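J.: Sharing a sequence plus its predicted fold:
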Amino acid sequence: MEKKFILGDIVVMIADGPKMAVEGYVVEDDGKGGFIESDEYVNVVYYTPDGFKRDTFHQDLLIHIDELDNIES
């Protein structure tokens, strides 16, 4: 997958979600006793009325905050 967010990028869920900061890539077991970064899933931190939340989202559901301005124009 070509799309790779950088730690600290501000992203938005395409489905009208909150602003979120990329925390890192999900690490998966490679089946050989090691670990690899997922090419599809990203850990993000975001704020809700209940406080800060951390969750994992598929990269296809996220868009960089700078790209949002181009879509709305």
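T.: Yep, that arrived.
J.: and stretch 13-33, which residues are buried?
T.: Within stretch 13-33, the residues scored as buried using 16 or more other Cβ atoms under 10 Å are 20-23, 25-26. (Each C-beta comes from the backbone N, C-alpha and C, glycine too.)
J.: what's the spacing between that stretch and its chain's center?
T.: 5 Å (Cα atoms, centre = their mean, to the nearest Å).
J.: Mind listing residues that contact the helix or strand hosting residue 45?
T.: Here residue 45, judged by DSSP states H and E, is contained in strand 35-48. Residues outside strand 35-48 that contact it (Cβ atoms under 8 Å, 6 or more residues apart in numbering) are 1, 5, 11, 17-30, 52-60, 62.
J.: pLDDT (mean, whole number) over that strand?
T.: Mean per-residue pLDDT for strand 35-48: 86.
J.: And the furthest pair within the buried residues of stretch 13-33?
T.: With distances taken as Cβ to Cβ, the most widely separated pair in these is 21 and 26, at 15.4 Å.
J.: Pairing-wise in the sheet, spell out the partners of residue 44.
T.: On the basis of DSSP bridges, residue 44 is bridged to residue 22, residue 55.
J.: how close does it sit to residue 34?
T.: Counting by Cβ to Cβ, to the nearest Å, the gap from residue 44 to residue 34 is 25 Å.
J.: neighbour count winner among those two?
T.: Between residue 44 and residue 34, residue 44 has the larger neighbour count (other Cβ atoms under 10 Å), namely 24 against 7.
J.: if I look at that one, how far off is residue 30?
T.: Remark: distance between residue 44 and residue 30 (Cβ to Cβ) = 23 Å.
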